[in-house]
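# Would you be able to build a 3D model of this:
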Amino acid sequence: MLSVVVLISGGGSNLRALLDETQQPDFPATVTAVGADRDAPGLVHAEHHGIETFVVPFRTPREEWGDELLAELQRREPDLVILSGFMRLLPPRVVDALAPRMINTHPAYLPEFPGAHGIRDALAAGVGETGASVIVVDNGVDSGPVLAQERVSIEPDDTEETLHDRVKVVERRLLAEVVRGIADGTIDLSARQ
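A predicted model of the protein is given here:
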């Protein structure tokens, strides 16, 4: 059974979907802890499932905060760390210590529209489609190796909210598929560094 720690910053809707997926009897992974960089509302999803939570409040210098976060992660010895709406760039030594066992979801078809505003940027660009991606975290901004991605059409009347809602459906499914693939060995993270 693959042990997973999830890091969030906000409401945790992707986390909630992953926790629901782990309740399926054939799902080969379990979330052992959920951490955040603030008192994130999404921590309630973990608490509802009886899963340990922890908070390492962001502070500067960023490297010291990263060392504290890394110590919390390493103490739990996860097989995989998932950044799910975690809105902080991790210091390089955190990424290097966990690579390639750390993945991230992103609401765009990478390398298109990296960064914190992928949905807004896609709408502003006037393109006909965007997407969702699951990647290995590296020291860039949404630049790691792609593990899975899928296109999502942009409708003429889409707002950030309506488009994001549709992208999230795909993002959640892709995340569950990637976690399953890592757990059953069909996705080899060591080949994705």
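# tell me which strands and helices the helix ranked longest in the chain is in contact with?
Scanning the chain for the longest helix, with DSSP state H as the assignment, gives helix 160-184. Secondary-structure packing of helix 160-184 (3 or more Cβ pairs under 8 Å, 6 or more residues apart in numbering; DSSP states H and E): strand 2-8, helix 13-22, strand 29-36, strand 80-83, strand 102-106, helix 118-125, strand 129-136, strand 146-153. Using the backbone N, CA and C atoms, a C-beta is placed for each residue, glycine as well.
# Downstream of the shortest one, the next helix or strand is which one?
From strand 80-83 onward toward the C-terminus, using DSSP states H and E, the following helix or strand is helix 92-98.
# and that next one, how far out from the chain's middle?
Chain-centre distance of helix 92-98: 16 Å, with Cα atoms, centre = their mean, to the nearest Å.
# just stretch 131-141 next, same as before
Using Cα atoms, centre = their mean, the offset of stretch 131-141 from its chain centre is 9 Å.
# Can you give me the end-to-end span of it?
The separation between the terminal residues of stretch 131-141, taken as Cα to Cα, to the nearest Å, is 17 Å.
# What does the pLDDT read for the spatially closest residue to Pro111 that is not a sequence neighbour?
Setting aside the residues directly before and after it, Pro111 is nearest to Ser143 in space (Cβ to Cβ, 6 or more residues apart in numbering), at 7.1 Å. You'll see Ser143 listed with a pLDDT of 94.
# Kindly report the same for the one 3 residues further on.
Val146 is assigned a predicted lDDT (pLDDT) of 96.
# Any idea how many residues pack against it?
Neighbouring residues of Val146 were enumerated by other Cβ atoms under 10 Å; the total is 16.
# partner residues bridging it?
Ile135 (DSSP bridges).
# Now do the contacts for it.
For Val146, the contacting residues are 110, 133-135, by Cβ atoms under 8 Å, 6 or more residues apart in numbering.
# what's the farthest-apart pair in these?
Leu110 and Val134 (9.5 Å; Cβ to Cβ).
# Please enumerate the shared neighbours of those two.
Between them, Leu110 and Val134 have 146, 149 as joint contacts when contacts are counted by Cβ under 8 Å, 6+ apart.
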